[in-house]
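# Here is a sequence together with a model predicted from it:
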Protein chains: 2
Amino acid sequence: MSKEKEYTAVRKILEKEKNIILLSHINPDGDSIGSLAAMARFLIKLEKEVIIALTDKTPERYAFLLEGLPTVDSLTDLKGKTVIVLDSSDLSRIKTFPEVRHASVLVNIDHHVSNKKYGSINLIDDSAAATGEIIYTLINMFPGMMDTEIAAALYVAISTDTGSYKYDNTTSKSFAISAELIKYGFKIGTLSAKIFDERSLAATMLIKEGLETIEFFAGGKICCMTISREIFERTMARDEDMDGLINYTINIRGVEVGVLFFQQPDGREIRVGFRSRKIDVSQLALKLGGGGHVNAAGCSVAGTFYEVKAKVLNLVQEQLKV
Amino acid sequence: MSKEKEYTAVRKILEKEKNIILLSHINPDGDSIGSLAAMARFLIKLEKEVIIALTDKTPERYAFLLEGLPTVDSLTDLKGKTVIVLDSSDLSRIKTFPEVRHASVLVNIDHHVSNKKYGSINLIDDSAAATGEIIYTLINMFPGMMDTEIAAALYVAISTDTGSYKYDNTTSKSFAISAELIKYGFKIGTLSAKIFDERSLAATMLIKEGLETIEFFAGGKICCMTISREIFERTMARDEDMDGLINYTINIRGVEVGVLFFQQPDGREIRVGFRSRKIDVSQLALKLGGGGHVNAAGCSVAGTFYEVKAKVLNLVQEQLKV
């Protein structure tokens, strides 16, 4: 096991401390909620007093993971407390909890290469596809503690962060851990339908409305979708209903760059999402004050749809050399 | 290894025979094309003369797997020949090749529980999620033969038949085999995007048009989509573009049965697809002259849209007891 020293340090904390507060990042995803749920259920079995402090609203698809667990949505005095932060590269991603700095023990467990090592103990393994993989290794240091419910939560963590074993971050270890987890007998079909396939009626209607707006440029290499405030409000959508919508642009065969323009509530700013097959869209986003990864990036640009689209499309065409 | 005798029998055939013809079923899917491609590339490395005989058109998303391989689309005299049929439960699913019965050696390799054991050698393992898992075990009986290209083809076979490790047929072994395959270094992100995410513009437009037709019954428990000939032809769709379209009905939160009505070219018949979360829609389909599985079934019903929808909806409501 690599990082053996760090794992041992965390194991000792878990053995010793009686009261533990678990945290994760804003805009929680499957890895953060799955890791929180797995860790909480495991610690409860170890007879610890556990509280999960939620930084942000849990998306409906993951809410079942936290059922029956003690959660709070604010924290006050953390002096003398033990806090474990999961899946967060940076304390600024725990925005409602500046208190965290005052914890007496601050354990930072994460898989992001960009992790700032803000903990008093830092267990950072950037070879893991998900924080759930690190939690899996940690729980296995305590024989007999894994069970169906914990395994299901870790499966959610790993499968969502790898896009159901489809992204390039999927490793042999992601598959090997999943081969062990599924032996605990959760119903993978029911579970994966809930986390990957189910969507609200509003999200479904956003797909229809979004597809009505698609436009092609550069001979079909660029595909744009536009979600106005009017569409968003008419479909009664919530922000989480926008998840994955941009993929309908890049998934069209022949498209090299997909762009989603999403008007923000004040009407004066447009959130711009980029997806690409090859070119580095993080460079594009950076020029516009945003950031991201090579194949997925985003930014916010002030202006009308007309202004922002003209500006963004010029930059995309420039980078695509079309 | 279970089925050791059968594996050994097939291994001996592969060692002995010099000329081998590979076949799979009509409406080829990822498992059939992936298994054909893996088996062909492996046999070519064993210095065999190999021909893949294609029963049907290969869907665009899988076409790359067969690049550079010797394929034919018809076969004549098979007397004295060795034929291996992959992933086909029944010879009636090799419709253009009645000749197959005359092969001197007919090897039947499959994972369907319903397999008719029509071969002179039958290697049937219904615990495998995909025929690709059986081929994996077979190729591993020949040390040093696995390579990146074969591993990628087997990954396509296994990942497509398990819905990218999301269906209930996914086993610990499916994950464990995938953990080994990915070590051969194919780019899982690029590959899975091609087989799962990319869709034609026509398929994208079918989603939009389909979503415009959705109707709810029984307080949102039943969701129907209707694809008329007019829509199908206007979007310039091909049959493979309909794949997965029905999922937009059942994936809406709260829907218990999703139904897709698809008008056939003669205009007189409607193909009806069913998806369900809990109730057994194969029973419904059976009553209408079709068949399928508990959660996914289908049939064809003669009549106008009006007649067929009335009939089908009555049956669904009856079964749902609403």
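Thanks, I have the structure now.

# In the stretch 1-150 of chain A, which residue sits nearest chain B?
A:Glu60 (7.7 Å; C-beta to the nearest C-beta). No exception for glycine: its C-beta is placed from N, CA and C like everyone else's.

# who touches that residue in this structure?
A:Ser200, A:Glu240, B:Arg253 (C-beta atoms under 8 Å, 6 or more residues apart in numbering or on different chains).

# Provide the backbone phi and psi angles at A:Leu23.
phi -130, psi 160 (degrees, to the nearest 10).

# who touches the least confident helix or strand in chain A by mean pLDDT?
The least trusted helix or strand in chain A, going by mean pLDDT, DSSP states H and E, turns out to be strand A:291-292, with a mean of 88. Contact with strand A:291-292 is made by A:Phe274, A:Val281, A:Ser282, A:Ala285, A:Ala297, A:Gly298, A:Cys299, as judged by C-beta under 8 Å, 6+ apart.

# again, only this time at 6 Å
Contacts of strand A:291-292 with the rest of the structure, by C-beta atoms under 6 Å, 6 or more residues apart in numbering or on different chains, involve A:Ser282, A:Ala285, A:Gly298.

# what lines up beside it in the sheet?
Partners of strand A:291-292 in the sheet, by DSSP bridges, are strand A:296-302 (antiparallel).

# what's the strand it pairs with in contact with?
Here strand A:296-302 has contacts from A:269-275, A:281-282, A:285, A:288-290, A:292, A:308, using C-beta under 6 Å, 6+ apart.

# gap between it and the chain center?
17 Å (C-alpha atoms, centre = their mean, to the nearest Å).

# Tell me the first helix or strand C-terminal of it.
helix A:305-320 (DSSP states H and E).

# Just say helix, strand or coil for A:Ile51.
Going by DSSP: H, G, I helix; E, B strand; the rest coil, the secondary structure assigned to A:Ile51 is strand.

# now it, which residues is it bridged with?
Note on A:Ile51: beta-bridge partners A:Ile21, judged by DSSP bridges.

# Distance-wise, check it relative to A:Glu6.
Going from A:Ile51 to A:Glu6 by C-beta to C-beta, to the nearest Å gives 24 Å.

# between the two, who's got more neighbours?
Remark: of A:Ile51 and A:Glu6, A:Glu6 carries more neighbours, 20 against 17, as counted by other C-beta atoms under 10 Å in any protein chain shown.

# Torsion angles phi and psi at the more buried one?
Residue torsions, per degrees, to the nearest 10, at A:Glu6 are phi -70, psi -40.

# list the contacts for it?
Contacts of A:Glu6 by C-beta under 6 Å, 6+ apart are A:Leu123.

# How about A:Val50?
Shown in contact with A:Val50 (C-beta under 6 Å, 6+ apart): A:Ile20, A:Ala40, A:Leu43, A:Ile44.

# Can you sort out which of those residues also neighbour chain B?
Filtering the contacts of A:Val50 for proximity to chain B by C-beta under 6 Å from any C-beta of the partner chain leaves nothing.

# Selection in PyMOL covering whichever of the residues you listed are buried, please.
With 16 or more other C-beta atoms under 10 Å in any protein chain shown as the criterion, this PyMOL line picks the buried residues out of these:
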select buried, chain A and resi 20+40+43
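
# CSV for the contacts of A:Val50, including pLDDT and secondary structure?
As requested, the contacts of A:Val50 are exported to CSV (pLDDT from 0 to 100; DSSP: H, G, I helix; E, B strand; the rest coil):
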residue, pLDDT, secondary structure
A:Ile20, 96, strand
A:Ala40, 98, helix
A:Leu43, 98, helix
A:Ile44, 98, helix
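
# wait, which of the contacts of A:Val50 is closest to B:Asp29?
A:Ala40 (40.6 Å; C-beta to C-beta).

# Closest one to chain B out of the contacts of strand A:291-292, please.
A:Ser282 (15.9 Å).

# Which positions in the stretch 201-322 of chain A make contact with chain B?
Counting by C-beta under 6 Å from any C-beta, the stretch 201-322 of chain A comes close to chain B at A:Leu201, A:Thr204, A:Lys208, A:Leu211, A:Asn251, A:Ile252, A:Arg253.

# tally of neighbours for the residue lying closest to A:Lys183 once chain neighbours are set aside?
Excluding the flanking residues, the one nearest A:Lys183 by C-beta to C-beta, 6 or more residues apart in numbering or on different chains is B:Ser172, at 5.3 Å. By other C-beta under 10 Å, the residues close to B:Ser172 number 14.

# Roughly how far does B:Ser172 sit from B:Leu154?
17 Å.

# same deal with A:Ala193?
25 Å.

# who has more neighbours, the two?
With neighbours defined as other C-beta under 10 Å, A:Ala193 and B:Leu154 compare such that B:Leu154 has more, 30 against 20.

# three-state assignment of the more buried one?
B:Leu154 ends up helix, using three-state DSSP.

# residues in contact with it?
Here B:Leu154 is in contact with B:Ala38, B:Gly132, B:Tyr136, B:Leu181 (C-beta under 6 Å, 6+ apart).

# which among these gets closest to chain A?
Taking C-beta to the nearest C-beta as the measure, chain A lies nearest B:Leu181 of the contacts of B:Leu154, at 8.5 Å.

# what helix or strand is the closest one on?
helix B:172-181.

# how far does the helix or strand following that helix sit from the chain's center?
Using DSSP H and E, the helix or strand that follows helix B:172-181 towards the C-terminus is helix B:188-192. Relative to the centre of its chain, helix B:188-192 is centred 19 Å away, using C-alpha atoms, centre = their mean.

# Please apply the same query to stretch A:246-254.
Worked out by C-alpha atoms, centre = their mean, stretch A:246-254 lies 21 Å from the chain centre.

# For the stretch 201-322 of chain A, which segments count as helices?
A:201-212, A:229-234, A:247-250, A:281-287, A:305-320 (DSSP state H, counting those that start in this stretch).

# With respect to B:Thr148, which of the ones you listed lies nearest?
Closest to B:Thr148 of the helices of the stretch 201-322 of chain A, according to C-beta to C-beta: helix A:247-250, at 25.6 Å.

# Any chance you could list what contacts the closest one?
Against helix A:247-250 from outside (C-beta under 6 Å, 6+ apart): A:Cys223, A:Met225, A:Gly258, A:Arg275.

# Filter those residues down to the buried ones, ChimeraX style.
Restricted to buried positions by 16+ other C-beta under 10 Å, the ChimeraX selection for those reads:
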select /A:223,225,258,275
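
# which of the contacts of helix A:247-250 sit farthest apart?
Spatial extent of those (C-beta to C-beta) is set by the pair A:Met225 and A:Arg275 at 10.6 Å.

# got a list of what A:Ile150 touches?
A:Ile150 is in contact with A:Ala38, A:Arg41, A:Phe42, counting by C-beta under 6 Å, 6+ apart.
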